[in-house]
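1. Just a sequence and a predicted model for now, questions to come.
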Amino acid sequence: MRLSACLITRDEEGTLPRCLSSLSGVVDEICLLDTGSKDRTVEIARSFGAVVGFRPWDQDFSAARNAGLELSTGDWVLQIDADEEIDRDSVTRLREDLESGPPCRLVDVLLLDGTTKPGTVKLPRLFRRDDKIRYRRPVHESVLDSLADAGLPSPIACELKLVHHGYQPQMVESRGKFERNLSILRAARDRGNVDAYDLYKLATTLPTWDRTGERTGALETAWNTGMAASPGTRAQWPWWDRLVQSLCMDLARRGFLSRAVEIANTSIASDPIAHPFARTALAEIHLRAGFAGPCREHCAAALVEIRQQTGFVALGCKEEAELEWIAARAAQASRDRTAFLAHLERCVELGSLEGRCLQAAWKISEKFAEGWKELDLLLRSDARHPSVLLVASEAARSQGDRSTSDLLLEQSARIPSDSGRMADCRLWMRAWLDGKTPAFDLPPFDVESAAIHCFLAMSTHVPWRPDPFLHQGSLRSALADILESLLEAGREDAVRRFAQGAATRDADLPGISRLVEDA
């Protein structure tokens, strides 16, 4: 049973030796297809005894992969990238695995990304050399579609593991991976040659905080396309639940909370599969909308599904840590100290930076000296992270250092992120307390930002209604906090303008006309 390793390259002299060294003694031949290297890539490949072929690069990874397969002569093929290496401890039963079972195997790929808790994804990288098994798609290429079209069995997991170094921040930046992939995916979209998966990958290659709407539009089109397929078909898409999560969070960040919840619930009800990522989005959206109890319920359900999940999707510490962090914030909002501390401890244990920030902030608020030590460590290791800047700002404010606090808030607000948006909300409030009247150009993405929109709408007598999904009691409470702070700062003029505008607007938000009395 002969095994061929196949890879495609272009200017990989920096990573190729590590990759080819890891293959020594594991595979029977190395087949390398080069797409135009100008460095020592080909020379290095030949020094390891590789069979080398050449093909001009034409913006199509599948075409290059398939050309590389033509160089191989083994019974099985291992697809590996030049920035990967085999985990030598995982090859003990490799040959035994190839003797029986389906013609394609899932390989664990550890995605090193510069964090202490990298994710893992199962990919169909090991398969029989068969003319029916070929790559599809110009980018994010895979043999899965050809397996299905040929009526071949679905792949199963094996023990082989690969370590992927290409998502280390310095490598992503230096090689322009995202720009390259984005160009290929946009070209395919413009030709009309895309399906739901292609649109999903296009969207997730775009920045999360894309203000043009291109990302959200691609995700929504992908979702509509996918919903037109049968539930059985969607159940075979390992990426579907992540698409739903991405779309829901995009919509929520743009202020469309009701639409996001509708899509998540529709997806969960429509498919006979687990939906831990859609539930994670639901949990976060419920918390932002002021529903801490339902948030905790969605967190609990998603945690169960994540721990039971198998298949292709990348699972592990990051997904669980995110849910524990959401659950901790929901427990804190519910004033459930025991649950808050339990969830907080777990998310910190799983490596959540946001959890560490929340823990430091809580300890500082509780007058624990450890909190300042933990904040110091965060500033030493992640001083440019918006969540770290945000908690450092609040810590400075607690010590009466307003200038430092404002500076840190401004730095956080400049970084596109959820924390950056929270910083923007706080900067807006501080400006009003100082007698200024800045506008607010962020969408109503949570209760706090919606309260700002409501305050400005009433003060300027313009039409405005909150998203129906927002908890009205929480929204009124957030508005009351704004009004009380303004009164304490001597801004009776601003409160008076609000009261005049809100006097007849109870249809927009029940009880709003009485808020000034309560403040």
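-> Looks like it arrived, so ask away. Numbers count the residues shown, from 1 in each chain.

2. Show me where the stretch 151-300 of the chain has its helices.
-> Using DSSP state H, counting those that start in this stretch, the helices of the stretch 151-300 of the chain run over 169-175, 177-190, 196-205, 214-227, 231-234, 240-253, 257-270, 276-289, 292-308.

3. And V313, what's its pLDDT?
-> On the pLDDT scale, V313 is placed at 48.

4. on that earlier part again, of the helices of the stretch 151-300 of the chain, give the one that comes closest to F498.
-> Closest approach to F498 among those (Cβ to Cβ): helix 276-289, 22.5 Å. C-betas here are computed from N, CA, C, even on glycine.

5. Now the closest one - C-alpha only, PDB.
-> These are the backbone C-alpha positions of helix 276-289, laid out as PDB (Å, rounded to 0.1, in the frame of the first residue of the first chain):
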ATOM      1  CA  PRO A 276     -24.300  25.000  18.700                       C
ATOM      2  CA  PHE A 277     -23.100  28.000  16.800                       C
ATOM      3  CA  ALA A 278     -26.600  29.300  15.900                       C
ATOM      4  CA  ARG A 279     -27.400  28.900  19.600                       C
ATOM      5  CA  THR A 280     -24.200  30.800  20.600                       C
ATOM      6  CA  ALA A 281     -25.400  33.700  18.400                       C
ATOM      7  CA  LEU A 282     -28.900  33.500  20.000                       C
ATOM      8  CA  ALA A 283     -27.300  33.600  23.500                       C
ATOM      9  CA  GLU A 284     -25.300  36.700  22.600                       C
ATOM     10  CA  ILE A 285     -28.200  38.500  21.000                       C
ATOM     11  CA  HIS A 286     -30.500  37.700  23.900                       C
ATOM     12  CA  LEU A 287     -27.900  39.200  26.300                       C
ATOM     13  CA  ARG A 288     -27.500  42.300  24.200                       C
ATOM     14  CA  ALA A 289     -31.300  42.700  24.000                       C
END
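
6. Tell me what angle that helix forms with helix 292-308.
-> Orientation check (axes from the mean of the first three to the mean of the last three Cα atoms, to 10 degrees): helix 276-289 against helix 292-308 gives 160 degrees.

7. what packs against helix 276-289?
-> Judged by 3 or more Cβ pairs under 8 Å, 6 or more residues apart in numbering; DSSP states H and E, helix 276-289 is in contact with helix 240-253, helix 257-270, helix 292-308, helix 317-333.

8. Hmm, S352 and A321 touching each other?
-> Yes: counting by Cβ atoms under 8 Å, A321 does reach S352; the two are 4.0 Å apart.

9. Serialize the helices and strands packed on helix 276-289 to a markdown table and add fields for mean neighbour count, distance to S37 and mean pLDDT.
-> A markdown table is the format used below for these (neighbours: other Cβ atoms under 10 Å; distance: least, Cβ to Cβ, whole Å; pLDDT from 0 to 100):
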| stretch | mean neighbour count | distance to S37 | mean pLDDT |
| --- | --- | --- | --- |
| helix 240-253 | 24 | 34 | 96 |
| helix 257-270 | 19 | 44 | 96 |
| helix 292-308 | 19 | 41 | 93 |
| helix 317-333 | 23 | 34 | 94 |
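
10. how about those helices in JSON lines, adding distance to T35?
-> Converted to JSON lines, these look like this (distance: least, Cβ to Cβ, whole Å):
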{"stretch": "helix 240-253", "distance to T35": "29"}
{"stretch": "helix 257-270", "distance to T35": "38"}
{"stretch": "helix 292-308", "distance to T35": "38"}
{"stretch": "helix 317-333", "distance to T35": "32"}
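
11. Those helices: which one's closest to E43?
-> helix 317-333 (38.8 Å).

12. Who are the packing partners of the closest one?
-> For helix 317-333, the contact count by 3+ Cβ pairs under 8 Å, 6+ apart identifies helix 276-289, helix 292-308, helix 337-349, helix 353-365 as packing neighbours.

13. how does the chain divide up, domain by domain?
-> Using automatic domain parsing, the domains assigned to the chain come out as 3-174, 440-518.

14. May I see those organised as TSV, with mean neighbour count, mean pLDDT and distance to R242 added?
-> Shown next, in TSV, are the domains of the chain (neighbours: other Cβ atoms under 10 Å; pLDDT from 0 to 100; distance: least, Cβ to Cβ, whole Å):
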stretch	mean neighbour count	mean pLDDT	distance to R242
domain 3-174	18	91	11
domain 440-518	18	93	21
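
15. Save these as a markdown table, and put in distance to E370 too.
-> Shown next, in a markdown table, are those (distance: least, Cβ to Cβ, whole Å):
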| stretch | distance to E370 |
| --- | --- |
| domain 3-174 | 20 |
| domain 440-518 | 28 |
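
16. Minimum distance to Y197: which of those has it?
-> domain 3-174 (7.5 Å).

17. Mind checking the helices of the stretch 151-300 of the chain for the one nearest to E29?
-> Nearest of these (Cβ to Cβ): helix 169-175, 27.1 Å.

18. one step back: the helices of the stretch 151-300 of the chain: which one's closest to L20?
-> That would be helix 169-175 among these, by Cβ to Cβ, at 17.8 Å.

19. Turn the helices of the stretch 151-300 of the chain into a markdown table, including distance to A67.
-> Conversion of these to a markdown table gives the following (distance: least, Cβ to Cβ, whole Å):
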| stretch | distance to A67 |
| --- | --- |
| helix 169-175 | 21 |
| helix 177-190 | 17 |
| helix 196-205 | 21 |
| helix 214-227 | 29 |
| helix 231-234 | 30 |
| helix 240-253 | 30 |
| helix 257-270 | 38 |
| helix 276-289 | 35 |
| helix 292-308 | 39 |
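
20. quick one: which of those is nearest L479?
-> That would be helix 276-289 among the helices of the stretch 151-300 of the chain, by Cβ to Cβ, at 14.9 Å.

21. what angle sits between the closest one and helix 317-333?
-> Using the same axes, to 10 degrees: helix 276-289 against helix 317-333 is 30 degrees.

22. Now do helix 276-289: distance to the chain's middle.
-> Relative to the chain's own centre, helix 276-289 is displaced by 13 Å; criterion: Cα atoms, centre = their mean, to the nearest Å.

23. Also stretch 154-163?
-> 24 Å.
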